[in-house]
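Asker: Got a sequence here, can you model it:
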Amino acid sequence: MTSGEGRLASLSIIIPTLNEAPGIVAFLEGLQPLRGRGAELVLADGGSNDGTVSLATALVDRVIFSPRGRALQMNAGAAAANSGVLLFLHADCALPDDADRLIANALSSSRGRWGRFDVKLTGTAPLLRLVEWMMNQRSRLTGICTGDQALFVDRPLFEAVHGFPAIALMEDVAISQKLKRDSAPLCLKGKVTASSRRWEKHGIWRTVVLMWRLRLAYFFGVKPDRLAQIYHGRTQ
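Answerer: Residues are numbered from 1 along each chain as shown. Take a look at the predicted model:
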């Protein structure tokens with residue numbers, strides 16, 4: 001399905017979804033100014049059964065159906081996108097209003113070919129400000145981008161690394177490891193606003209410790225399928 005087929009987008013925003021009906025309209029309405037300036041919105045759905053697709057169709061340029069799995073869905077969305085610059089956005093995150101300009105300026109003024117935004121969490125708890133700072137500083141130090149930070153990349157580089165590895169968890173870490181062999185990430189100070197619900201629901205420190213534990217286990221070779229079992233068992 002597409003309302004934008006045939007036009008060359010300045011930026012393609014790929015949105016993986018699975019049963020996002022409660023918030024999908026408000027989320028996509030927030031992206032309409034970017035769409036009005038030429039950005040293409042590609043919804044990559046993994047089998048929603050709650051009406052997500054029907055609610056979203058009028059607010060996006062393309063709806064792509066994919067096997068379930070965030071990496072698989074994002075790869076399918078990228079394959080269908082029109083733009084030479086791809087941005088991957090979770091459905092509980094909001095881009096800065098001028099995200100298109102920020103990305104274009106960053107890519108044109110440096111040798112970098114990929115990057116991410118800083119992140120701001122929605123909650124008001126003071127401890128969340130520390131979590132934000134830790135996330136953003138860790139990313140600068142390691143060159144690793146997490147999904148909440150809205151990774152963007154030029155298409156030739158994305159294709160050269162064969163997209164996201166088809167793994168159950170840590171696909172953002174895995175692709176960052178490959179992308180940074182080409183160049184360091186462009187770390188934009190514009191902020192993506194990400195939902196703090198998982199921190200608030202399960203406890204801020206408990207969630208921080210869980211995520212560090214999972215990343216450490218991944219770096220020591222624990223299989224992503226096993227990490228996904230731990231993650232979903234503890235945070236859903």
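
Asker: quick one, strands of this structure?
Answerer: 11-17, 39-45, 62-65, 85-88, 93-94, 114-121, 152-154, 186-194 (DSSP state E).

Asker: Contacts only, for residue 149.
Answerer: 116-119, 135, 139, 192 (CB atoms under 8 Å, 6 or more residues apart in numbering). C-betas here are computed from N, CA, C, even on glycine.

Asker: should've said residue 173
Answerer: 144, 146, 215, 218.

Asker: From residue 224, how far out is the third one?
Answerer: Using CB to CB, to the nearest Å, one gets 12 Å for the distance from residue 215 to residue 224.

Asker: Show me which helix or strand of this structure is least confident by mean pLDDT.
Answerer: helix 224-235 (a mean of 74; mean pLDDT, DSSP states H and E).

Asker: so what does it touch, helix or strand wise?
Answerer: helix 197-202, helix 204-219 (3 or more CB pairs under 8 Å, 6 or more residues apart in numbering; DSSP states H and E).

Asker: OK, contacts around the closest residue to residue 37 other than its chain neighbours?
Answerer: Nearest residue to residue 37, sequence neighbours excluded (CB to CB, 6 or more residues apart in numbering): residue 100, at 6.0 Å. Neighbouring residues of residue 100 by CB under 8 Å, 6+ apart: 10-11, 34, 37-39.

Asker: One more: residue 39?
Answerer: 9-13, 31, 83, 100.

Asker: how about 10 Å then?
Answerer: Going by CB atoms under 10 Å, 6 or more residues apart in numbering, residue 39 touches 4, 9-13, 31-33, 61, 83, 85, 87, 95, 99-100, 103.

Asker: From these, list the buried ones, please.
Answerer: Buried members of those, counted by 16 or more other CB atoms under 10 Å: 4, 9-13, 31, 61, 83, 85, 87, 95, 99-100, 103.

Asker: Which single one of those is nearest to residue 129?
Answerer: residue 95 (20.3 Å; CB to CB).

Asker: quick one: average pLDDT of stretch 155-167?
Answerer: Mean pLDDT, stretch 155-167: 96.
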